[in-house]
Each structure stands twice: as C-alpha cells, then as structure tokens.
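1. Structure for the following, please:
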Amino acid sequence: MPLFFFSLRYLFISTFIPLLASIVLYRFDTFDPAHLPSDALVYSTDSIPPLINDQFLTGAEFIGAGLLKSPEDIAYHRDSGLIYTGCVDGWVKRVKAFESANDSVVEDWVNTGGRPLGIAFGLHGEVIVADAYKGLLNISDDGKKTELLTDEAEGVKFKLTDAVAVGDNGVLYFTDASYKYNLHHFAFDIWEGKPHGRLLSFDPITRTTRVLLRNRYFSNGVSMSPDQTHLVFCETPLRSCSKYYINEERVEVFIKSLPGYPDNIRYDGDEHYWIAMPSGVTTLWNLSFRYPIIRKLQGMAAKYGFDTMIMENAGVLQVDLDGMPIALYHDSKHSHVSSGVKIGKYLYCGNLLDSHIVRLDLLKYPAQKRP
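-> Numbering: from 1, shown residues only. Got it, this is the predicted structure:
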C-alpha cells in the first residue's frame, strides 16, 4: 500500500505540477500573437514555375569560404566587377570572383559597427547600406566616410532597417521590417503576426524621410522596376510580394502564395527578378501561421533559449517583370538563403548562416521542366 501511494504522489508531482505551471505561464505571458490575413494561409501551385532545380547544392561552389560571416545581401557593381555584401560582424566586404572559386578575393572594406543588411549603389559612387541597428547609411570617398542619413520617420525610430533600392533620380527607397522588434528579436515579429513594417523613402536633396506605406507584415526586400514607375517589395510571413506605384501611391499584388517565405528581391538587369526564400513552406510553418496558439508557444519557448524557427528547403525563385514564375532553384538540405541574383552565367546567393557566398553555374546546372 505505501508503494501505491508513493507512485500516485510521484505521478502527481511529475505530471500535474508541470502541467499547472505551464498553464500559469501561458496565461500570464504577455506575448499575444494575432491571426494573419486569410490570403497568407492559402497554398496554391500558381507560383510553382515550370522549371525546377531541386538539388541546388549539387555543383554549387563556395565563394570566400570562411571569410564571409553570414553574407546577407549581394549587390553587384558592374563597373568594377565587385560584389558587395554585409556580414554579421559589421563588415561590408568586397568580393572579386573569378572563374575558379578558390581564386576569389575578399576585402574587409568598411565596418559599420552594426549589422549591414541591404546594399545599393548611389548615383555618385556612394554605397547605400540598410544597417539593421544603425539606420540608413551612406558610405562614400571609397569607404573613408560613413554618414547616417536617417534612422526615424514620423517620430518613430527604425528597429530593423532591412533593404534599400535607389531610383534614377537619386531617391532612396527602403524598408523598416519592424518598428517594434530589432534584428535580435525578429522572430517575435514573425510569430506575433501583426503589421509593424514600413516602406519608406529618403530624398538626399531635401533630407526628407517619408513613410510610403505602413502596417506591412515584416516588410523585407525591395527592388526598383526597370522603368522606374514602381517598387516591388516582399512581406515575409504573407509569402507575397507587392508593387508600389510611386506616382500614384497605390499598391497591387505582384506575386502571392510563394513556395517559401521571401527575404530579398533583386532585379538582374535582364527583365527578371530573383526572390530569395530562407525556408520553403513546411507543415510546422503552415500550422504556426494558421494557429496563433502555436506561435505563442514558440515565442514562449524562445524566451527560454529554444530555437523553434526551423528553416529548410531554401532557394531562389526567378520571375518575370509581371511576377510570373520562371524557374526555382532550391534544395531540401539548404536553409537561410537570404538573397540571390544572376551575374553573367552564375547565380550568387547570400545566406544568414553560411560563411561563404554560394555560386551556381546556371548553364551547367539549369532548372529542368517538371515531369
């Protein structure tokens, strides 16, 4: 009999008390995720292109192996042939890639003291950097001068300056992914499911910062259209990209129901955009976005050091100027692809975890027609 009571007491302590503690923690935790727009929960094959390479890492080369810590964005300077990328250690690095990946040269160019993300080129040789912590920066005089252009709009500080594009008139267009959470806590913005993002512009002549769009869902990559009439920008949790017409100040869908969650978008100068996706759509992501309770549990777990933002099957989607999908390069073994752009015959990809840029020869390893 004593053994029986001991077993009951042990069962009570080992199950009921932890369960009660979990319920209390859940009820009193202030993290309060919201339902996402219904469009974000729709899965469609319309964004699946006719051409696919589902073994992206096969044949891929590593540029600057071990010398590039999480190269997030990739910007190609055509005149010099240099690739600029921002790394997690604060360095904006310049990369000269050659036919042999092993011959590539990496230069520590400028350290912003923050986390450089998006990179674009100004009209007068300057390099514009969207630094997650610092704001929008202007690097000029071949790296000798770094100037803060703007770090707030309408009295609200940027928390996550993300991506930037430059118009032919010199106006800078950029995203603040969240005015609530910084880069270190960006996952909470995704899980919370509320629109804290903004699309903005900065006029270097008038020094004016304008909010073009507010209430966006983690506004991420942005690219200028070749005819300069509109921007294309990404909203990560919605799995969509939208057009913003600059003169008309209106928004329309560019592409939705993407096969992954978009990060940066790059125009290649050849009538194509390349949309990087750090993760494909998975069962866990689907359930998380459909049920706020799951995202609340993920957020609670993250507060205790558990990483529940699992990414897999990352890749890059090539689309035309109308947002029609052309080709998808992805790999189930790959994750955290943050940018991609075609330079010559190669596709170059940045990554949030890797210590190199991935390069794929598109002629040797093309996307093939689906069976």
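2. Specify the local secondary structure of residue 355.
-> Secondary structure, DSSP: H, G, I helix; E, B strand; the rest coil: residue 355 is coil.
3. Give the closest residue to it in space, chain neighbours not counted.
-> residue 66 (5.3 Å; C-beta to C-beta, 6 or more residues apart in numbering). Heads up, the C-betas are built off the backbone N, CA and C, glycines and all.
4. and if you look at residue 44?
-> Going by C-beta to C-beta, 6+ apart, residue 44 has residue 257 as its nearest residue, at 3.9 Å.
5. And that neighbour, which helix or strand is it part of?
-> Of the helices and strands defined by DSSP states H and E, none includes residue 257.
6. who's in contact with it?
-> 42-44, 46-47, 239-240 (C-beta atoms under 8 Å, 6 or more residues apart in numbering).
7. re the thing from before, you'd agree the residue nearest to residue 355 is up against residue 356?
-> Yes: the criterion here is C-beta atoms under 8 Å, and residue 66 meets it with residue 356 at 7.0 Å.
8. Counting neighbours, go ahead and name the busier of the two.
-> Between residue 66 and residue 356, counted using other C-beta atoms under 10 Å, residue 356 has the larger neighbour count: 23 against 9.
9. was I right about that one contacting residue 74?
-> No: contact status for residue 356 versus residue 74: not in contact, 11.9 Å apart, counting by C-beta under 8 Å.
10. just to revisit the earlier point, filter the contacts of residue 257 down to the buried ones, PyMOL style.
-> Provided next is the PyMOL selection string for whichever of these are buried by 16 or more other C-beta atoms under 10 Å:
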select buried, resi 47+239+240
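11. what's the single longest strand in the chain?
-> Identified as the longest strand of the chain according to DSSP state E is strand 208-216.
12. Torsion angles phi and psi at residue 46?
-> phi -60, psi -30 (degrees, to the nearest 10).
13. can you pull the contacts of it?
-> Shown here is residue 46, whose contacts under the criterion C-beta under 8 Å, 6+ apart are 257, 325.
14. where does it land on pLDDT?
-> pLDDT for residue 46: 89.
15. So for residue 332, what's the pLDDT?
-> So residue 332 comes in at 95 (pLDDT).
16. I'd say it and residue 311 touch.
-> No: applying C-beta under 8 Å, one finds residue 332 not in contact with residue 311, separated by 11.4 Å.
17. if you count what's nearby, which of these two comes out ahead?
-> Ranked by neighbour count (other C-beta under 10 Å), residue 332 and residue 311 place residue 311 first, with 19 against 14.
18. Now do the SS call for that one.
-> coil.
19. now do residue 40
-> Residue 40 ends up helix, using three-state DSSP.
20. Could you check how far the closest residue to it other than its chain neighbours is from residue 35?
-> Leaving aside its sequence neighbours, residue 40 sits nearest to residue 238 (C-beta to C-beta, 6+ apart; 4.4 Å). Counting by C-beta to C-beta, to the nearest Å, the gap from residue 238 to residue 35 is 13 Å.
21. Specify the beta-bridge partners of residue 222.
-> residue 233 (DSSP bridges).
22. so how far is residue 103 from the closest residue in space to residue 105 that isn't next to it in sequence?
-> Leaving aside its chain neighbours, residue 105 sits nearest to residue 96 (4.4 Å; criterion: C-beta to C-beta, 6+ apart). Distance, residue 96 to residue 103, using C-beta to C-beta: 9 Å.
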